[in-house]
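Asker: need the 3D shape of this:
(one chain, ligands or ions: 1)
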Amino acid sequence: MTTIATAPATPSLRAGLELERLGPGFGAIVHGIDLRRPTEVQMEQLRGALVEHKVLFFRGQDLADADQVAFASRLGKPTAGHPVAATAAAHAEIYPIDSTDPEFSFSDEWHTDVTFMQTPPAASVLRAVRLPDTGGDTSWADSQLAYESLSEPVRRLVDGLTAVHDGNREWGAYLRRHGGRGNEWDGRTVTGLTPVEHPVVRVHPVSGRRGLFVNPGFTSHIVGVSDAESRGILDLLYAHLTKPEHTIRHRWAVGDVGVWDNRSTAHYANRDYTQPRVMARVTIRGDRPVGPTT
Ligand code: SIN
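Answerer: Predicted structure coming up:
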């Protein structure tokens, strides 16, 4: 375990967060913090650690729904739990991911949360509520490491590309079943899922690092190339993004909280369980993705 100061060494920040790295590239367990009452100094350090380590885990937190929303509100501005899916009755910021729900949608495809909206969330806060005896892990891929480990000619190719993200495949039927009325997103009630365009390479608004910003969950195609070219490029990028050395995997325990940066990661919920699995997710409002200018 190392103690890493993630902010300039002003006296109030000297203590640092206790971070246990999960691999050479990204991911860390954060020790010694109670998410029900983090100090402002800890929150400032957490924001920095999230950009640097991309996925943070907090073991043994005993959060109720209201505590999770309160913590997420310290991290940023929570969005509705989901643009389309039903949210928790008492907390519109919570998206219950409940495998016992008849309309449950497995997240067993690599994706970055809600990229089918023009302003996808910057970060997600996921809490393990009920777990199967075994299985139900989540994996994350580091999209910046993946971009940086591409060869230079391929980086140059993808730097200039734009992709379409379409939520209809995953959520279109759900929205229709619910009378075409979703939740409020970006100040408007979602009544349809118009496909949106994002750069294939996203420049992180805080670190300035570039990362791949396409995912098999929501990206439908690349703009301005043939179908065959689009498929070939996306297949190449997905295979590269999800190489084992670009990924980490978390075995959940009830009470764990995971926080990830959607601007630099993709994730995958392993569908290998037969008993109920219930998670609660809150997402934090993000910017419109921006690509490289050179
Ligand atoms: C998600 O896709 O945001 C949830 C992941 C999970 O349930 O593990």
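
Asker: what is the end-to-end distance of stretch 117-127?
Answerer: With CA to CA, to the nearest Å applied, stretch 117-127 spans 23 Å between its terminal residues.

Asker: which parts of it are buried?
Answerer: Using 16 or more other CB atoms under 10 Å as the test for burial, stretch 117-127 gives M117, P120, P121, A122, A123, S124, V125, L126, R127. Every residue, glycine included, has its C-beta placed from N, CA and C.

Asker: go on, stretch 61-81?
Answerer: Under the neighbour-count criterion of 16+ other CB under 10 Å, stretch 61-81 has 61, 63, 65, 67-72, 75-76, 78-81 buried.

Asker: which ones among the buried residues of stretch 117-127 also lie next to the ligand?
Answerer: Filtering the buried residues of stretch 117-127 for neighbours of the ligand using CB under 6 Å from any ligand atom leaves S124, L126.

Asker: can you check the pLDDT for the residue sitting nearest the centre point of the chain?
Answerer: Most central in the chain under CA atoms, centre = their mean is N262, positioned 3.7 Å from the mean C-alpha point. On pLDDT, N262 comes in at 98.

Asker: pretty sure it is touching H111, no?
Answerer: No - between N262 and H111 there is no contact, the gap being 9.7 Å when judged by CB atoms under 8 Å.

Asker: who in the protein is up against the ligand?
Answerer: Residues of the chain found near the ligand (CB under 6 Å from any ligand atom) are I97, S107, D113, S124, L126, T138, H267, A269, M279, R281.

Asker: in strands, which of those residues fall?
Answerer: Assigned to strands by DSSP state E, the following of the residues of the chain next to the ligand qualify: I97, S124, L126, T138, H267, A269, M279, R281.

Asker: now those residues as a markdown table including pLDDT and distance to G27?
Answerer: Output for those, formatted as a markdown table (pLDDT from 0 to 100; distance: CB to CB, whole Å):
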| residue | pLDDT | distance to G27 |
| --- | --- | --- |
| I97 | 97 | 20 |
| S124 | 98 | 14 |
| L126 | 98 | 14 |
| T138 | 98 | 11 |
| H267 | 98 | 11 |
| A269 | 97 | 16 |
| M279 | 98 | 18 |
| R281 | 98 | 18 |
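
Asker: wait, which of those is closest to L157?
Answerer: Here the nearest of these to L157, counting by CB to CB, is H267; it sits at 25.3 Å.

Asker: before we move on, which element is the closest residue to the closest one other than its chain neighbours in?
Answerer: Nearest residue to H267, sequence neighbours excluded (CB to CB, 6 or more residues apart in numbering): W140, at 4.7 Å. W140 is part of strand 138-142, with elements assigned from DSSP states H and E.

Asker: quick revisit: how many neighbouring residues does the residue nearest to H267 have?
Answerer: W140 has 25 neighbouring residues, counting by other CB atoms under 10 Å.

Asker: for T191, same thing?
Answerer: T191 has 11 neighbours, counted by other CB under 10 Å.
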